[in-house]
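Asks: Sequence first, predicted model second:
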Amino acid sequence: MIKQHLCKFIFIFFIIEFTVFFSFFHPVTSLSPTPGTRVGHGMVFDEESNDIILFGGIHENFDTELLENMWFYNLETEEWRSESYNPSPSSRFNFAIIYLSGNNAFLLFGGKNVSNRAILGDTWIFNISLNEWKKIESVQSPDVGCDMKMQFVETADTVILFGNYKGGLPQTSPYFWQFNLSSLQWEPVISTNLPTIRYGHSISYNSNNNKLYIFGGESVEITNDLWEYDILSKNWTKIIKDDCPTPRYLHVSNYIADSNILIVFGGNTDTPQEHLLGDTWMFNFSSNEWRNLSLIESPSARCCSSMVYSPISHDLFLYGGLDANYQSGLDDLWQFDSSDLKWIIIPSENKTIAGYPISLIIIIPFLVIIYFLIKKLMRRNL
């Protein structure tokens, strides 16, 4: 009789132990949250926290649930986290955004509303230190629009905005502006030899020569011209080169100061042969030449993605965009190694959660119970 009861309890004990062991000792793999598919979003890099900050964009299914949230990707932990704010800019895509180095903040302007596709013309600043948004009221302001670009000029403590797209609406104001960080006011910039109005171009600041560079975009036609803007003289100069990238718009580009190069990736050509591009080009400011890097491993062809430069790792980081079939958004994160000039895919981390040795804690009470049970049964049989 004692053996029968003992066998039952041992059997039950091992079933429980196996369940506990498998649940708590067996590694549990869970997919860490990410922003998901994004098209027309914007990103900046926060030098103080080592975070990539992502805002806005649209999903492939136009879900707006999380699009007002801000996403942070830390390069050290390699994890995404999401934060929501109130007040906050409305959900939008194809807006202009730029990090304000030395101010621990970034500036946002315009774009298209996700819900009703209304073209926007509001200005917001996000203070990273205070962790809050602030809407800016300016006496003058650029026209409502989208697909314009901004760049911060630290030496002048201003933000330069160039271009605009109003979805067929007439352009009623200048398309070349500067935002003064001291007065928090917009004002049009008067310059010579101004390039034609365009949208979907890219703009980069060369900190080595204190000049701005605009590449590509759609104007009267899709372009592949490269323009240089001298901030001091306020004069534009077109840089004419024979061997240059295919005309494109809605691409991305960033300047890498250590190498004194400009990297251009992807974009839209709107040609019957090839709509979206997946090529990587480099403009070397030292040699004043373009070069197609012709990389074997690279992000897929896309447009409407976002790319930022990290002065800490000296690399570029690209996220999302619209795929080559114009059907869906992308949710991949890529790193461009500026030293070896190659792309590296950053996988969505499967976080392995180590089990705790809880079975050890449970073994002791069960052994005690079995001990007293056996002792009690033995007494009954005496």
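Replies: It's in.
Asks: What confidence value was assigned to Glu137?
Replies: The predicted structure scores Glu137 at 97 on the pLDDT scale.
Asks: and if you look at Asn210?
Replies: At Asn210 the predicted local distance difference test score is 96.
Asks: measure it to Glu218 for me?
Replies: The gap separating Asn210 from Glu218 is 28 Å, by C-beta to C-beta, to the nearest Å. Any C-beta I mention is one placed from the backbone N, CA and C, and that applies to glycine too.
Asks: Thr34 too?
Replies: Going from Thr34 to Glu218 by C-beta to C-beta gives 31 Å.
Asks: and if you look at Thr37?
Replies: Per C-beta to C-beta, Thr37 is found 24 Å from Glu218.
Asks: Quick one: low-confidence residue ranges for the stretch 251-382 of the chain.
Replies: Flagging of the stretch 251-382 of the chain using pLDDT under 70 yields the residue ranges 272-273, 349-382.
Asks: at 50 instead, please
Replies: For the stretch 251-382 of the chain, residues meeting the criterion pLDDT under 50 lie at 350-363, 377, 382.
Asks: residue ranges of the strands in it, please?
Replies: Read by DSSP state E, counting those that start in this stretch, the stretch 251-382 of the chain holds these strands, from start to end of the chain: 252-256, 261-268, 276-284, 289-292, 306-310, 315-322, 329-337, 342-346, 350-353.
Asks: Export the ones you listed to JSON lines and append columns for mean neighbour count and distance to Leu184.
Replies: Shown next, in JSON lines, are these (neighbours: other C-beta atoms under 10 Å; distance: least, C-beta to C-beta, whole Å):
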{"stretch": "strand 252-256", "mean neighbour count": "22", "distance to Leu184": "26"}
{"stretch": "strand 261-268", "mean neighbour count": "26", "distance to Leu184": "30"}
{"stretch": "strand 276-284", "mean neighbour count": "20", "distance to Leu184": "33"}
{"stretch": "strand 289-292", "mean neighbour count": "15", "distance to Leu184": "38"}
{"stretch": "strand 306-310", "mean neighbour count": "21", "distance to Leu184": "24"}
{"stretch": "strand 315-322", "mean neighbour count": "25", "distance to Leu184": "29"}
{"stretch": "strand 329-337", "mean neighbour count": "19", "distance to Leu184": "33"}
{"stretch": "strand 342-346", "mean neighbour count": "15", "distance to Leu184": "36"}
{"stretch": "strand 350-353", "mean neighbour count": "10", "distance to Leu184": "41"}
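Asks: nearest to Pro299, of the ones you listed?
Replies: Go through those one by one with C-beta to C-beta and the one that ends up closest to Pro299 is strand 329-337, at 4.9 Å.
Asks: Remind me what that closest one packs against, helices and strands.
Replies: strand 315-322, strand 342-346 (3 or more C-beta pairs under 8 Å, 6 or more residues apart in numbering; DSSP states H and E).
Asks: want to throw those strands into TSV with distance to Ser300?
Replies: Supplementary listing: the helices and strands packed on strand 329-337 in TSV, determined by distance: least, C-beta to C-beta, whole Å:
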stretch	distance to Ser300
strand 315-322	9
strand 342-346	11
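Asks: Indicate which one of the ones you listed is closest to Phe55.
Replies: Of all the helices and strands packed on strand 329-337, strand 315-322 comes closest under C-beta to C-beta, at 11.6 Å.
Asks: now for that closest one, which elements pack on it?
Replies: Packed against strand 315-322, as judged by 3+ C-beta pairs under 8 Å, 6+ apart, are the following elements: strand 42-46, strand 51-55, strand 252-256, strand 261-268, strand 306-310, strand 329-337.
Asks: So for the second one, mean pLDDT?
Replies: Within the predicted structure, the mean pLDDT of strand 51-55 is 98.
Asks: what inclination does that strand have with respect to strand 42-46?
Replies: Using axes from the mean of the first three to the mean of the last three C-alpha atoms, to 10 degrees, one finds that strand 51-55 and strand 42-46 are set 160 degrees apart in direction.
Asks: helix or strand right after strand 51-55?
Replies: Taking DSSP states H and E as the definition, the helix or strand that follows strand 51-55 towards the C-terminus is strand 70-74.
Asks: ok, back up a step: let me have the strands of the stretch 251-382 of the chain in CSV, extended by distance to Lys238.
Replies: Below are those laid out as CSV (distance: least, C-beta to C-beta, whole Å):
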stretch, distance to Lys238
strand 252-256, 17
strand 261-268, 15
strand 276-284, 14
strand 289-292, 14
strand 306-310, 24
strand 315-322, 26
strand 329-337, 27
strand 342-346, 30
strand 350-353, 49
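Asks: just the strands in the stretch 101-250 of the chain please.
Replies: 105-113, 119-127, 132-136, 149-153, 158-162, 176-180, 185-188, 202-206, 211-218, 222-230, 235-239.
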